Structure formats: C-alpha cells, structure tokens
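Novice: below are the sequence and a predicted model for it; my questions follow.
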Amino acid sequence: MLDRKFIIKNADQVRDNCQRRGVSCDIDQIITLESERLEKLKLAEELNRQANETSKQIPKAESAEQRNELIEKGRDLRLQKEAVQRERDQLDATIIDLQSAIPNMTHPDVPTGGEDDAKEISFGKTPKPDFEFDTLDHVELGAKHDLFDFEAGARVAGAGFYYLKNAAVRLDLALQHYAISFLADQGFTPITTPDLALTSILKGIGFTPRGPETQIYSVEDSELNLVGTAEITLGGMLAGQTLDAEQLPVLLCGLSHCFRTEAGAAGRATKGLYRVHQFTKVEMFAFTSAESSDDMHLKMRDYECEIFDALEVPYRVIDTATGDLGGPAYRKFDLEAWMPGRGDGGAWGEVTSTSNCTDYQARRLGVRSKKTGQKGTEFVHTLNGTAVATGRAMIAILENHQLPDGRINVPKVLQPWVGCEVLEPND
RNA sequence: GGAGCGGUGGCUGAGUGGUCGAAAGCGCCGGUUUGCUAAAUCGGUGAGCCGGGCAACCGGCUCCGCAGGUUCAAAUCCUGUCCGCUCCGCCA
C-alpha cells in the first residue's frame, strides 16, 4: 500500500492517479479520519505518560495509604487511556481499509486507458510465420503428437487440469532448464520455492485469499494456500527483514507450480493449455534500492525478450495502460506471443508480464534496507517478471513451429534437453 | 500423529513482575597508539510513531514472533495462534 503521509501530502496527485487507473477511493475521508486519529493518539500518549509516571512512584511509596492512592490513580489513568486507544484503533482500521484500496502510483510513461490502450513498444526478432497450409492449433497438434490428456485431467482433478505426455514433458522440462540456466548466467539465484504459503504472506504481496472473488485455492483448517505465482514465495522470502543496502539488488529466479481458480473465466480462450488451474513457471524477482528499480524493470523486460527471441517465437512488447495494471504495479510490461491457433487466424496471447511494484509490496511485507553508518531504514523496491510459464510458451512454440507435414521444429536452445531437432507425429 | 523445548536488537545470546530498550560478544562508526594486506585500546552504535526545531538534536509513546488476558506496572505470569528445534512413530 501507499504511505499514509504521502497520500495526505499529495492528495490531488493520488486522487488523479486513482481516477486514471479506474479505482474509486475516498482521499478526503482518509484525511479527516487521520487527523482525528492523530488527536486520539496524542491524548492516549499523554495519558500513558502520566500512568507510567504514577507506576514508577509506587515502589517508592512511603506508606500503605500513599501506595493505595497511587494504585487507584494509575488504574484510573489506564482505563481512560484504553478508552481513547480503542477509538484510535477503530479509526486506524477504517483508514487501513481505505488505504489498501488505493493502487500504487503510476510511472509517467504509462498510457492512460484500458486493455486496448496499451502501448506497443517493440517486436521480437522472429517474424510472424507466413503459413501456406492449413494450420492446427496446439490442441490439435497435441492430439497428433499425443502430448496432452485433458480428459484424464478433468476426470482426476476437474476441468482445467491436464496431463502432459511424451515430448510435452520434455519441452516442459527443457523450458524450465533453459530459463533457469539463462537467468543464473545473468546473476539470478535459482530457487525452488514452496507451492503453498501462509495467508499473511499472500496479503503482503497483495493477494486476498478466502474472499468472495479470490483466485486462490486455500487449504481447509489451516493458514496455507496454494500459490498462484512464485512471486508470493519469493517476495515473502525476505518478509520482515532489514537488509544491508550493500546486499542489494537481491535477484532470485524461482521455479514453482502455480495454482489459480480462474473463477469466472470461460469461453474460447479457455480451450487447451491457455487458461488452466495449474501450470509451471520460472519467475524472476528482484529486491532493489529505490533509485535502481526503473533500470531493473527495463532489464527484466529485456531478459524476457532475450528468452523469447531464443525460443524463436514472434512476440510484441506492450506497456500496459493504467486501467489494466494490478494494484501493486507502478508499471507493467507484457510480452504477447503470436499464437496462430488463437482466435480467428491467430492472435496475440500474453506469455510474460513484468511489474515494478516500487515500495508498495515492501511496505506491507516489511522489507527494509539500511545503509551502514546511516540512521533509519527505507523500504526496498520489489519487481517481478515471468521468465517462462511453460504452458503458454509451449502453445506459442507448437503453433509457430509446425510444418506442413505435421512435424514440429524444436527451437535450437531447447534441443539439448528435448533430445531432437524435430518432433515427429504419432499417428 | 505423540512428547518436550524454544521464538529477545544487523547477527550470536543473557535476562529475578518495577532500577530493562534490554548484559555480554560479534559487526558497524569514530578516536588513540603501534605500524603495514592487520593488531591493541577507548568511546559511540536498535527500529517505528507523535510533537518541537532550518538543522545537529531534544521531549514523549510504542516495540522482546503475533493476538488477547491478569496487574498500578509484563521480555518476565496466563490463554490462543503462527513459526522453529529435538526425540519417538510413520514415510519418498
């Protein structure tokens, strides 16, 4: 969330920002309640000071009478204090609710608008394929090569689950292996993370489990939830920690399964592997100083581009418009791969997303940094980005690399792990 | 799953209801000295919030996993909760 003082000091800016991002919020209400809260706070502190002073006199009391008198006085002061404090806590809780609804501020270059207003920034090195034959989508290609079993997935776990088979398993592992090797070479520490996390961590990152519109699976009778992304577990790794400023940036690449209920998603786009309840993802995560998060964001975007160039998949990069940013994001770039089997005659489909969350997550997670020899601490900046979500990457690879005879080319960088240059159909 | 123990500052780790924001050590900052990829020695050194000051800083409140409770007063006692460790059981 945003800093309360910042909101009050920059009320107009924050109000404009909310409007641009299509979020309704009541800044004036926050300002009013906060000044009331400060009044209560001062009063409670003063009463507490008097009570503390009284308590200190009690052991030194000269007579039993004097002692009893002081005890009585102390009790009275504490009662008063508690009453005031309750009012203050009430106000605080209300303010936090209002405050949490306010999204992060927005990078000046972010275009205003909704999904269609995203700015197209660049294209990948691989051109869109120009097929001179009737193409198949990844589900049809999967059938030809015996790569997926959606029926069994549904039988065992319900719609939205699937089995990978044969070359799909090799591709899945190859993508993970390639992405992790690539990022390790860029200085990221490879990590495999828990696939479950505590509710408090989810909330710190900005997810709300167990709500009516939640996208999160939760485990009954426990504080655990299946993670929707390794962003949760990677960000949570340092929750509550104060880092030495010299340790920054901390660069992690995490491999995890991702689970999403996808409540309310339906239609053509849900066909096949595109929108599923479980997938595997290699995620980048960075903790940086406030000064260097913008640079790191561009770097992470470039790493995503390098990975998809290496996979020989056509894609475009977009700068997501204000209305399409999640609450914590200050700016977000998406890579959309060309998927020939999507829509009518192909369509762009999101394959990665990288966000600079500035200090929005760090404030709630309590991740600070401290410069040695300097007083105080500051919140770090957090960034996340998809290196590769194997399911969607596989769609793009299969559909773009298909040949007229039904065979499928394997991108060069994956060949060592897949074990061949071309996939031969099964039928 | 059963039994026990624990969670204290950047780190390690003491801590008897009031003299505890908390010993000691490490680390860090500064000084002195001897000197040479360092040692000795002295001093300083937690965070958040509120208020005052241009500021260095000063005053106050809070913080010993988290949330409650008892008490005039809680790191210390009680309850719940989360997490960790040890042993036993089970197990890839």
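Specialist: Received it, and whenever you're ready, just let me know what you need. Residues are numbered from 1 along each chain as shown, chains lettered A, B, ... in the order given.

Novice: got the residue ranges for the helices in chain A?
Specialist: Applying DSSP state H to chain A gives helices spanning A:4-9, A:11-20, A:27-57, A:64-100, A:138-145, A:150-157, A:167-185, A:199-205, A:230-236, A:293-310, A:360-365, A:390-400, A:415-418.

Novice: right, so of those helices, which gets closest to RNA strand B?
Specialist: Closest approach to RNA strand B among the helices of chain A is made by helix A:64-100 (2.6 Å; CB to the nearest atom of the strand). Bear in mind the C-beta positions are built from the backbone N, C-alpha and C, glycine included.

Novice: the inter-axis angle of that closest one versus helix A:27-57?
Specialist: 160 degrees (axes from the mean of the first three to the mean of the last three CA atoms, to 10 degrees).

Novice: just give me how far helix A:64-100 sits from the chain centre.
Specialist: A distance of 39 Å separates the centroid of the chain from that of helix A:64-100, by CA atoms, centre = their mean, to the nearest Å.

Novice: go on, stretch A:86-105?
Specialist: Relative to the centre of its chain, stretch A:86-105 is centred 22 Å away, using CA atoms, centre = their mean.

Novice: quick revisit: just put the helices of chain A in JSON lines and tack on mean pLDDT and distance to residue A:351.
Specialist: As requested, those are arranged in JSON lines below (pLDDT from 0 to 100; distance: least, CB to CB, whole Å):
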{"stretch": "helix A:4-9", "mean pLDDT": "89", "distance to residue A:351": "34"}
{"stretch": "helix A:11-20", "mean pLDDT": "92", "distance to residue A:351": "27"}
{"stretch": "helix A:27-57", "mean pLDDT": "89", "distance to residue A:351": "37"}
{"stretch": "helix A:64-100", "mean pLDDT": "87", "distance to residue A:351": "30"}
{"stretch": "helix A:138-145", "mean pLDDT": "94", "distance to residue A:351": "13"}
{"stretch": "helix A:150-157", "mean pLDDT": "90", "distance to residue A:351": "20"}
{"stretch": "helix A:167-185", "mean pLDDT": "96", "distance to residue A:351": "11"}
{"stretch": "helix A:199-205", "mean pLDDT": "79", "distance to residue A:351": "22"}
{"stretch": "helix A:230-236", "mean pLDDT": "88", "distance to residue A:351": "16"}
{"stretch": "helix A:293-310", "mean pLDDT": "96", "distance to residue A:351": "7"}
{"stretch": "helix A:360-365", "mean pLDDT": "86", "distance to residue A:351": "23"}
{"stretch": "helix A:390-400", "mean pLDDT": "96", "distance to residue A:351": "5"}
{"stretch": "helix A:415-418", "mean pLDDT": "95", "distance to residue A:351": "19"}
